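Enquirer: Just a sequence and a predicted model for now, questions to come.
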Amino acid sequence: MLKYFILFFVISVASFGQQLKRKGTYFVYWGYNRSVYPGSDIRFKGPGYDFTLANVAASDAPTPFDGFETYFNPSLFSIPQFNFHGGYFLKDNLSISLGWDHMKYVVNDFQTTHITGTISGQVSSPAIPVNPAYVGNFSNAAIVINPSDFVDYEHTDGFNYAAIELDHYKPLWRAKAGKMQLDWVNGFGLGVVVPRSDVRLFSVGQNNFWNLAGAGASVRTGLRLNLSRLLFFQTDLKGGYTNLWDVHTTGRSVDNASQSIWFGEFTGALGFTIGKAK
């Protein structure tokens, strides 16, 4: 057994640094993700109110794996938290791509946070009557996020991050024969956030339509296993910062929210290389 391990190690070292010929080829991949979010301040603003909830905790909302029911159903496979990217190799070890990361962001109900700002007895236009328990001027006061009559807030039809990414590939191992190669992939991206926000504010709101709500930047590191010249499997860890300055809330133009969201994301994807290397 030891001699086979030594042989594998020698082949790996001998192959280290070799690179697949990929310049001029295209690639696409599709996969799924899990995401995490640190606490975020959310500001709500409109007629009769202007308040900020501090360090609000939120989670993702993965769809339970059910095989062909959702994940492999062509009409439903976009419901889970997915990633879709397409790109082009500028060099054998450098690619540029356009990607759509469909994450989900859900504020945890009934958590205790702190509120600063003002809420009147009637808010928005047309007027929405407010539970007297929420009326007043607040300065870092403790408050419970009750979804039934205060705030229900999520980006579950998409905390969508659409970005242009530049990635560098470092070969870690290549099979002596064939096209199998393991690459270490590192890159960064710049993009926009196009959420579909489902929000209720003082019991009034809706599942809003997609809108350009903000912008962001990200970095990532991961591994790409090229199974053949055409097929590869990729897994990534990505971290990013987004600034959302126009989140739709009640569905009325006079009401909106804003927040900054840091995110961490783990993805796994299956992809294909298209074309012939130059």
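Expert: Perfect, I can see it now. Residues are numbered from 1 along each chain as shown.
Enquirer: Least confident secondary structure element in the chain?
Expert: Least confident helix or strand, the chain: helix 2-15 with a mean of 41, by mean pLDDT, DSSP states H and E.
Enquirer: what's near enough to touch Asn140?
Expert: Listed by CB atoms under 8 Å, 6 or more residues apart in numbering, the contact set of Asn140 reads Ala54, His114, Ile115, Thr116. (C-beta placed from N, C-alpha, C; glycine too.)
Enquirer: just Leu166 next, same as before
Expert: Leu166 touches Leu94, Ser95, Ile96, Gly187, Phe188, Gly189, counting by CB under 8 Å, 6+ apart.
Enquirer: Which element, helix or strand, includes it?
Expert: In this assignment (DSSP states H and E), Leu166 forms part of strand 151-174.
Enquirer: circling back: for ChimeraX, write a command that selects the buried ones of the contacts of Leu166.
Expert: This is how ChimeraX selects the buried members of the contacts of Leu166, with burial counted by 16 or more other CB atoms under 10 Å:
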select :95,187,188,189
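Enquirer: nearest to Gly39, of the contacts of Leu166?
Expert: Using CB to CB, Gly189 is the member of the contacts of Leu166 that lies nearest Gly39, at 23.6 Å.
Enquirer: thinking again about what came up before, and the contacts of Asn140, which of them are in strands?
Expert: Taking DSSP state E, the ones among the contacts of Asn140 that sit in strands are Ala54, His114, Ile115, Thr116.
Enquirer: just for the stretch 51-200 of the chain, where's the confidence low?
Expert: Counting by pLDDT under 70, the stretch 51-200 of the chain shows low-confidence ranges at 67-68.
Enquirer: can we see that at 80?
Expert: Where the stretch 51-200 of the chain drops to pLDDT under 80, the residues are 65-78, 177-179.
Enquirer: quick one, strands of it?
Expert: 58-59, 82-91, 94-107, 112-119, 122-123, 128-129, 136-144, 151-174, 181-193, 198-201 (DSSP state E, counting those that start in this stretch).
Enquirer: ok, for Pro80, nearest residue in space, not its chain neighbours?
Expert: Computed as CB to CB, 6 or more residues apart in numbering, the closest residue to Pro80 that is not its neighbour in sequence is Thr63, at 4.0 Å.
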